[in-house]
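Engineer: Sequence below, structure please.
(one chain, ligands or ions: 1)
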Amino acid sequence: MKRHRFSASKRELAGHCLWWADPDNELPEDTVGPAALIGTAFHTCAERTILACGERVDPFAICEEMELAPEHHDAVQIRYDGAYEAIKAKAQIPGIQVEVKYAYSKVNGRILKAEGPRDYSDAKPWELVGTVDIAYIQDGTLVIEDWKTGRKPPRARWALQLHMLGAAAHRAMGALGHTLDGNVRVVVLHVLPDGTVNEDSYTLSGEELQRECETLDALLEQLGGHPEPKGGDHCTSLYCPARRVCPSTQGAMLTMPTSIPTIMTMEDAASWRKKLDLVRAAADALEKELKQYVDKHGDLDMGDGRGWGPVSQTRDKLTLNAKAFAYLKRKLNKEKLEEAAPRSISKSSLKKALGSDLDKTLEHLTTLDAVEQSTSVRYQLKKYVPRED
Ligand code: SF4
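Structural biologist: From the prediction side, this is the model:
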């Protein structure tokens, strides 16, 4: 069990509920999924490349050092290779700093001493914390940038995590005597699975920063008063770390009726809607627990010949490079090609256009580096086969 700090990555959740961040509430350790581990390894590769003034690092060695499972090494390597030029360009920015940890309190902002990616041990209990991937000053404006390897990061304009970091970093840099123009430019660097980097930026004005400071001060005030849990769909959609133990989700489970109620009034409907979100949050937490159990002990025996556990699915993804596109152009007529072959095409769309010729065509597209395999895991019912060990 551990206490969960209010860090910038949870800024959006904090705007809905703060019970999870109350230092008096102990939460179970959260498990980190493969996507987050791949993201952390990529961050480390980018950080070390910038610290080495743009010299390439070895992503495999970093994956091994971070004890990342071998099946995820390629995902890190591909992202790093694709993003390398963008990372190298960052390394040339004068005065660039990487992985800077900040603390924010009502009266102060400061840089923390840290020894690793999530080390906030230097922070006081009443301080809010966060890590900036890249920070520098350009023509008097403080710029903070954040690598994002997830599927759909928010636009910089709405990235509250970066707004909070902007407020903390601006205070800390000001306290260190830097001359700043009062604005902060926040930049989201979205790294796609192939390493393409999409950059999106927004400049927070002095008034917007002031508003963010006022919001953070109000959240700090609430935190000091032991906030009540406030459930809603944010419990699941913003990954609250307290879902398994929160009294709000547990209470909702207890108030669920044994049969579906007939809803007669708006008030009733709104109240059931809210309970449903909480029950869903609790159900998601239970599902996560079940997945962890089967990962450790093998498939569940459901007693009717069926089991429940992970199933790997591998599928071919076609990305049409110039050579592959030209090849398909020769094989298909123009309309069919336009209909069937945008830059990225599914195997089923190609099958529709090619019919029986699919296998031979795929074989040739593979030689042109246009076919990539992606593997995903689903947990589902299947024939029960007991684990041998
Ligand atoms: S599960 Fe929901 S109600 Fe409970 S602490 Fe988290 S956000 Fe708040």
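Engineer: from the chain's centre, how far out does stretch 62-73 sit?
Structural biologist: In this view, stretch 62-73 has its centroid 18 Å away from the chain centroid, taken as CA atoms, centre = their mean, to the nearest Å.
Engineer: Name the residues that touch it?
Structural biologist: Pro34, Leu37, Ile38, Thr40, Ala41, Thr44, Cys45, Arg48, Pro59, Phe60, Val76, Thr375 (CB atoms under 8 Å, 6 or more residues apart in numbering). C-beta coordinates here come from the backbone N, C-alpha and C atoms, glycine included.
Engineer: what sits against the residue of the stretch 51-200 of the chain found nearest the ligand?
Structural biologist: Distances between the stretch 51-200 of the chain and the ligand by CB to the nearest ligand atom are smallest at Leu160, namely 15.1 Å. Going by CB under 8 Å, 6+ apart, Leu160 touches Arg11, Glu12, Gly15, Pro154.
Engineer: Setting the sequence-adjacent residues aside, check what's closest to the last one.
Structural biologist: Nearest-residue entry for Pro154: Val188, 7.3 Å, with adjacent residues in sequence omitted and distances by CB to CB, 6 or more residues apart in numbering.
Engineer: After the helix or strand hosting the one you found, which helix or strand is next? Please name it.
Structural biologist: Val188 is part of strand 184-191, with elements assigned from DSSP states H and E. As assigned by DSSP H and E, the chain's next helix or strand after strand 184-191 is strand 197-204.
Engineer: strands paired with that following strand, and their directions?
Structural biologist: Pairing partners of strand 197-204, with direction, according to DSSP bridges: strand 184-191 (antiparallel).
Engineer: For the strand it pairs with, which residues meet the burial criterion?
Structural biologist: By 16 or more other CB atoms under 10 Å, the buried positions in strand 184-191 come out as Val184, Arg185, Val186, Val187, Val188, Leu189, His190, Val191.
Engineer: Identify all contacting residues around it.
Structural biologist: So strand 184-191 is contacted by 42, 79, 82-83, 86, 133-134, 138, 141-149, 153-156, 159, 162-163, 165-167, 169-170, 197-204, 209 (CB under 8 Å, 6+ apart).
Engineer: quick one: which of those residues sit in helices?
Structural biologist: 42, 79, 82-83, 86, 162-163, 165-167, 169-170, 209 (DSSP state H).
Engineer: Can you lay out those as JSON lines showing pLDDT and neighbour count?
Structural biologist: Formatted as JSON lines, those follow (pLDDT from 0 to 100; neighbours: other CB atoms under 10 Å):
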{"residue": "Phe42", "pLDDT": "96", "neighbour count": "26"}
{"residue": "Arg79", "pLDDT": "92", "neighbour count": "26"}
{"residue": "Gly82", "pLDDT": "92", "neighbour count": "16"}
{"residue": "Ala83", "pLDDT": "94", "neighbour count": "24"}
{"residue": "Ala86", "pLDDT": "96", "neighbour count": "17"}
{"residue": "Leu162", "pLDDT": "97", "neighbour count": "31"}
{"residue": "His163", "pLDDT": "97", "neighbour count": "27"}
{"residue": "Leu165", "pLDDT": "97", "neighbour count": "29"}
{"residue": "Gly166", "pLDDT": "96", "neighbour count": "30"}
{"residue": "Ala167", "pLDDT": "95", "neighbour count": "28"}
{"residue": "Ala169", "pLDDT": "95", "neighbour count": "26"}
{"residue": "His170", "pLDDT": "94", "neighbour count": "25"}
{"residue": "Leu209", "pLDDT": "95", "neighbour count": "19"}
